Structures are given as C-alpha cells and as structure tokens.
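Colleague: Any chance you can model this:
(2 chains)
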Amino acid sequence: MSYFRVENLSLSFGGVHAISDLSFAVARGEIFAIIGPNGAGKTSVFNVITRVFSANTGHVLFDDHDITLVPRHRVVNYGIARTFQNIALFEGASVIDNLLLGRHRFAHGNLAAELAWLPGIRRAEADARAKVEEIIDFLELAPYRTSLVSTLPYGVRKVIELGRALATEPRLLLLDEPASGLNPEEARDLAFWIDDIRSDLGVTVVMIEHDMSLVAEAADRVMCMNAGQLLAIGSPSEVQSNPDVIAAYLGT
Amino acid sequence: MRFDYDTSYVDPQRLLRYRSQWLAYGALALGLLAAPFVLPAYYVGELNYLFIVSIASLALMILTGYTGQVSLGHAAFMAVGAYAHAWFLNNQLDFIAAILCASALTAVVGLVVGLPAIRVSGLYLAMVTLACALVTEQIIGRWKDVTGGYSGLPVPPPIVFGVDFGGLRPFYFLCLFILVVVLLGLINLVRGRTGRAFVGVRDSEAAAYTLGIWVGGYRVLAFVISAFVTGIAGALLAHHLQFLTPDGFGLTLSMELVLMVVIGGLGSLRGAIFGAVLIGLLPTLISEIKPALPASIATQFGLETFVFGLILALFVMFEPAGLNGRWIKLKVLLQNFPIYRRSTFRRGKAYMHSERYR
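Modeller: The predicted structure is shown next:
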C-alpha cells in the first residue's frame, strides 16, 4: 500500500484525451518529479488531484483516503497543497496576508467573535502570525514581509507561493514548475528548500519540472509523460537515457 | 520614516499604535463631537446624511472592494431596510428591535440576491443585481398595504430607551454612534480570517480553492453581510427622510454608492468613507457654486450628473487607487520628506494568472 496513488486515471475534454489510463504511486517522504513535453498532461494530473477537473475514470488515493470526489475546497484538509505554473497569488494583499490565507483551513472562532475581535480571535491571529513567521524565516522572505505582492519581482513571488502552500501544513506538496522563470541562483536555492521541506518538515513532494538539473539534483524518482500517457518511470538517470523519452523530446 | 517595532504578535493588531494616530483620530473625534454645536442646522442635517451614506458605502465596499462583486442594486437593499424599519416601528416594535429586524430582513433579501453569485460574476452579476433593484422598486410602488405605494409612508421618530432621538442633534449622535460601531465591526472583519478570504476570492479563485476557501460560500456571505449593513443604513435613512416614497431609492442612489466606493478607492474602508463624503457633499457643493457660474451653464439640465461622470472619469484615468490611494501617497510623502521616490507606488508587471482553471 503506497502513500499516494493514482490509479487508471483518465481525463478527456470532448475528443481530446488529456490523460489516458495513468497509474503511478509515490512513497512517503519521496521527491517525485513529473517531466514531459508541453501538452503531455502534467498539469492536468495536478488539476485532477486538486479537483479542478473531475476524472472520467480512475481513482486518486492519499493515505488510505479516496479523494477522487471530495469537494474542491476540502482537498487541502487531507493535507494536499499545490502551487501554480503561472503563480496565483493574491496580488492586492501583502505577503503576510497571502501567507495567513494559507492558514485559512485552521478555523478559529465564529463570525460574531471575529466582528467583536474577542480575546480568542486575538490569540488565534497571533498564533497564525507566529506560524507564518516560521515560514518567512524558513524561506528568507523577511525583507518583503509587509510589501504588496503586486510590487514584488517574479522570483520572490514564486517563493511566496511556495510559502503559502507550506502554511497549510501539507503532507503532500504539488509543485507546478517551481523553477520556471528563476535564475540559476534562485533555482539552486529552491533545490535546497525542496530537500529541506522533505527532510525537516516530512512533506512528500510531487513536482512538475522542465529544469533537468534541478530534477536530477532533487528528485528521487522521475516519471515522464507524453500525450497523456506514462512513458517511463525510474531514477533520473534511467529516465533520461530511456530511448522513448529521448524520442518524445526530440520528436522523431 | 516610521518602522513598526513589534515585540509580540499581538502588537500589530492594535488599531492605534502611535501618538500621531492618537492625536489625529482624537482631533477628528473632538471635531465630530463639537460639530453639531457650532455648525448651522442645515449642515448638521447634511452630516447626518453623510454618516448614513457612509454606512451604506462601507457595506458596498465589503462587497465590491473586498470581494470583487459589483452590485448595481444597493439602493434596493437600502429601500428594504428603510421600509421594513418603518413598518416594524409602525407595528409597535421599539427602535433597536426594529432596526435589527429590518437589517436581518435585508440580509435575507441579500442572501436571495446573492445566491446567483455562486455561479455568476462580473458583468452578469451586475445585471442580476440591477434587475433585482428594478423589481424591488416596482414591488414597493405597488404593495400599497404595507408600503403606502407612491403616496408614501410616514416614519415615526426614533425612540431609544425612552429617549427621543428625532431632533437634528440627537439624531446626529445616533448616526455617528452607529457609524462608529459598524466601522469597528467591519475593520475587524476585513483584518481577520473572513476578510482575508474575501480578498482571496477577489484576487484568485483558483488559489482560494486550494487553500480551503469555499469560493461560492464566501461570495454569498459577502452579499449577506453587505445587505445587513446596508439595511442599517436604510433604516437610518428612513428617519432622516421622515417620509418614504419609492423614487427615493432609485437607480441614482445605487450609482452614487458605486461611485463612492470606486472614487474612494476599492479595497479600503477609509476610501469608502472618503468617497461617501465627496459624493455625498457634491450636490451641496454644486448648488453653492451655481450662483457663480454663467446662467447658461447653471440652468443646464443634468449638471450634477455631468459633474459626477467627470469626476469618475478623471479618477479612473489618473488615480485608479482612488482618494485613499492619494491619501496614502500624501502620507508617505510627508513621512519621507524630502526623500521621496515617485516610483514607490508604481505597480509591478501583472504576471499571467491561472484564471483559466476557474
């Protein structure tokens, strides 16, 4: 029984088969990378897991729970957090508020108590803030703490989005192209962070990534997809030397 | 330049942290307390109206500024609040019970109008609210047994704990008190978990879902809260007008409320009040300067509408952040004087959103 499992997953939009009969399993504490050419269905896999799309057939299982049909806003309660390929931050809010929004799932008091800002709410807000400050420390976001997201550069936004996902205290983290648009130095920092997230916070990581040096450095196993199907799965070097993978990328 | 120096995580929650803030808000409070005793009666009446529209403007700010849902029908919520309040008062409820019942009823109407918001947003939602406003106006005009139709409905004076607040000055303090209570409540709302969720729903639905925010639920909740507060404003407006007719709650009032939140600055409660003060005072200002204008302009039909439109156009073009944005810039300029970078407020490039996953 593996920790996180996708079984016989299929997703199609009309005649377009985004994912067809895909199965894979991720072990607890693993860093698992998904690679593949554009349009291979990588992000669609994430979107099915986080219930943006409903799978036509198949199941998604996480820690003995079948999460194939849970409502979209409940997925996070199972301990699954994700980031987006094109960054989906709350631009009109400060970095602190973005991270505090990550704490949304930890309810604290009813609306009436909130309107009156009762002591319970005051404490809960302070606790949430303390948790968020730990993440700010971890990801070195302190200089940007009170800045509006819309004033910050791209690289920083990527890190904030990672921080917001961590604020939900996930057990499984889905990263959609975390290194895209980052300069080599930022990408290297990211590789260290991903490793720390796994070893210090005990989070299992599944990431979609094109940067093969990051994949080779961080990932334990790699899955290559093409046209919605699984092409190869194994260690980074195995997958990189697989003739089918090379063919998919070079387009023979 | 002032730096926030926090020694605990409760520190940043204090509303007034610095002596300068205490002084400024203290002066404002003193000024507002003294105003009815120094100003002529006409201006006290104007201030009463400003307080009432400020409450309505704050309510719309929660909906439009924080949750990103445009409503062109807020005058209808005010009408429901006003008529319900008058009806409850005429049926022997006391002031506090009547205003709470009226607001609760408005909140229920808000819930019904807000339910389509689960699926509908943007322009279509604006159409839904507009349609509801038109329907409400018609219902009020025709349901003569309850509303008195176009012949109108008299409003009994506000009597709170046996004290008559019907006079100009007592009513001033009643409105001011309710405005302050509403404002404090909404400040707490927007800085807490619910307010953050509202902003989340506004800025990125896709991300809001992944953080466990039930987007549809929060959209409707914003409608309910906004309608409740608008109901309070409507009830007070009933006392201000003293006689209710349906045409007092037409499209013009809805538009003025939208103008207030846009010109005040979307996403800020301070902006809602700035906007309410500016738009609420404009008719008075225009009538004050009318004698100075050439007769051909002063007698022109639709002068007010023209000025409203002109101001809106100028703000959209030159200061999209509204009066509140201007205010913040002024404050930063004064705090950093003479070192001020024009680019401080230049927004970064808006990167692509993932809104295709809505």
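
Colleague: Just the element for the residue nearest in space to the middle of chain A, please.
Modeller: Among the residues of chain A, the one closest to the centroid is A:L174, at 2.2 Å (C-alpha atoms, centre = their mean). Element membership of A:L174 [criterion: DSSP states H and E] is strand A:172-176.

Colleague: Dump that strand to CSV, restricted to CA.
Modeller: Taking Å, rounded to 0.1, in the frame of the first residue of the first chain, the C-alpha atoms of strand A:172-176 are listed here in CSV:
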residue,chain,number,x,y,z
LEU,A,172,1.8,16.2,0.2
LEU,A,173,3.1,19.2,-1.8
LEU,A,174,2.4,19.5,-5.5
LEU,A,175,4.7,22.0,-7.2
ASP,A,176,3.9,23.0,-10.8
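
Colleague: So for the very next helix or strand once past it, what gets flagged as buried?
Modeller: Counting by DSSP H and E, the element after strand A:172-176 in chain order, helix or strand, is helix A:184-199. Neighbour-count burial for helix A:184-199, counted by 16 or more other C-beta atoms under 10 Å in any protein chain shown, picks out A:187, A:189-191, A:193-194, A:197-198. For the C-beta atoms, the positions are set from N, CA and C on the backbone; glycine is no exception.

Colleague: Identify the residue nearest the geometric centre of chain B.
Modeller: B:S57 (0.9 Å).

Colleague: Show the contacting residues for that residue.
Modeller: Neighbouring residues of B:S57 by C-beta atoms under 8 Å, 6 or more residues apart in numbering or on different chains: B:257, B:260-261, B:264, B:272-273, B:275-276.

Colleague: follow-up on the earlier one: hmm, who's touching the strand holding A:L174?
Modeller: A:3-4, A:26, A:42-43, A:46, A:49-50, A:62, A:79-85, A:162, A:165-166, A:194, A:197, A:203-209.

Colleague: what about 7 Å?
Modeller: A:4, A:43, A:46, A:49, A:62, A:79-85, A:165, A:197, A:203-208 (C-beta atoms under 7 Å, 6 or more residues apart in numbering or on different chains).

Colleague: Tell me the strands beside that strand, with direction?
Modeller: Looking at strand A:172-176 with DSSP bridges, its partner strands are strand A:80-82 (parallel), strand A:204-208 (parallel).

Colleague: how about the ones you listed, which one is nearest B:A131?
Modeller: B:A131 sits nearest to strand A:80-82 of all the strands paired with strand A:172-176, at 38.0 Å, using C-beta to C-beta.

Colleague: who's in contact with that closest one?
Modeller: Strand A:80-82 is contacted by residues A:46, A:49-50, A:62, A:165, A:168, A:170, A:172-174, A:176, B:210 when judged by C-beta under 7 Å, 6+ apart.

Colleague: about what we covered before: so the residue nearest to the centre of chain B is in which element?
Modeller: helix B:41-60.

Colleague: ok so, going back, which of the strands paired with strand A:172-176 has the highest mean neighbour count?
Modeller: strand A:80-82 (a mean of 26; mean count of other C-beta atoms under 10 Å in any protein chain shown).

Colleague: B:G234: what's it in contact with?
Modeller: Residues counted as contacts of B:G234 (C-beta under 7 Å, 6+ apart) are B:77-82, B:85, B:106.

Colleague: What's the ChimeraX line that selects buried ones from these?
Modeller: Buried residues within those, by 16+ other C-beta under 10 Å, are selected in ChimeraX with:
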select /B:77,78,79,80,81,82,85,106
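
Colleague: before we move on, the earlier item: let's see the pLDDT reported for the residue nearest to the centre of chain B.
Modeller: pLDDT, B:S57: 96.

Colleague: How about A:A33?
Modeller: 94.

Colleague: State the number of residues packed around the residue lying closest to it once chain neighbours are set aside.
Modeller: The shortest distance from A:A33 to any non-neighbouring residue, by C-beta to C-beta, 6 or more residues apart in numbering or on different chains, is to A:A219 (3.8 Å). By the criterion of other C-beta atoms under 10 Å in any protein chain shown, A:A219 has 25 neighbours.

Colleague: hang on, A:A219 packs against A:I31?
Modeller: Yes. In this structure, A:A219 is within contact of A:I31 by C-beta atoms under 7 Å, at 5.1 Å.

Colleague: what is in contact with the two at once?
Modeller: Joint contacts of A:A219 and A:I31 (C-beta under 7 Å, 6+ apart) do not exist.

Colleague: what about chain A, any weak spots by pLDDT?
Modeller: Scanning chain A for pLDDT under 70 picks out A:1, A:252.

Colleague: Going by residue numbers, what spans are strands in it?
Modeller: A:4-13, A:16-26, A:31-35, A:57-62, A:65-66, A:80-82, A:172-176, A:204-208, A:221-226, A:229-234 (DSSP state E).

Colleague: In a markdown table, list these along with distance to B:M127.
Modeller: Formatted as a markdown table, the strands of chain A follow (distance: least, C-beta to C-beta, whole Å):
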| stretch | distance to B:M127 |
| --- | --- |
| strand A:4-13 | 29 |
| strand A:16-26 | 33 |
| strand A:31-35 | 42 |
| strand A:57-62 | 38 |
| strand A:65-66 | 41 |
| strand A:80-82 | 34 |
| strand A:172-176 | 35 |
| strand A:204-208 | 39 |
| strand A:221-226 | 43 |
| strand A:229-234 | 44 |
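
Colleague: Pick the most buried one from those strands.
Modeller: Mean neighbours per residue, mean count of other C-beta under 10 Å, is largest over the strands of chain A for strand A:80-82, with a mean of 26.

Colleague: Give me the distance between that strand and the centre of its chain.
Modeller: 5 Å (C-alpha atoms, centre = their mean, to the nearest Å).

Colleague: and if you look at stretch B:280-293?
Modeller: Distance, centroid of stretch B:280-293 to centroid of chain: 23 Å (C-alpha atoms, centre = their mean).

Colleague: ok, now stretch B:299-313?
Modeller: Averaging C-alpha positions (C-alpha atoms, centre = their mean) puts stretch B:299-313 21 Å from its chain's average.

Colleague: swap in stretch A:6-19?
Modeller: Averaging C-alpha coordinates over stretch A:6-19 and over its chain gives two centres that are 21 Å apart (C-alpha atoms, centre = their mean).

Colleague: Also stretch B:149-165?
Modeller: 23 Å.

Colleague: Mean confidence (pLDDT) on stretch B:296-316, please.
Modeller: For stretch B:296-316, mean pLDDT is 82.

Colleague: Which one, of the strands paired with strand A:172-176, ends up nearest to A:R157?
Modeller: Between the strands paired with strand A:172-176, strand A:80-82 lies closest to A:R157; by C-beta to C-beta that is 15.4 Å.

Colleague: and the stretch 151-300 of chain B, which residues reach chain A?
Modeller: Contact residues (C-beta under 7 Å from any C-beta of the partner chain) of the stretch 151-300 of chain B with chain A: B:185, B:188-189, B:192-194, B:196-197, B:199-200, B:203-204, B:206-207, B:209-214, B:267.

Colleague: Quick one: mark the members of those residues that sit in helices.
Modeller: Within those, membership in helices is found for B:185, B:188-189, B:193-194, B:196-197, B:199-200, B:203, B:206-207, B:209-210, as judged by DSSP state H.

Colleague: Good, we can wrap up now.
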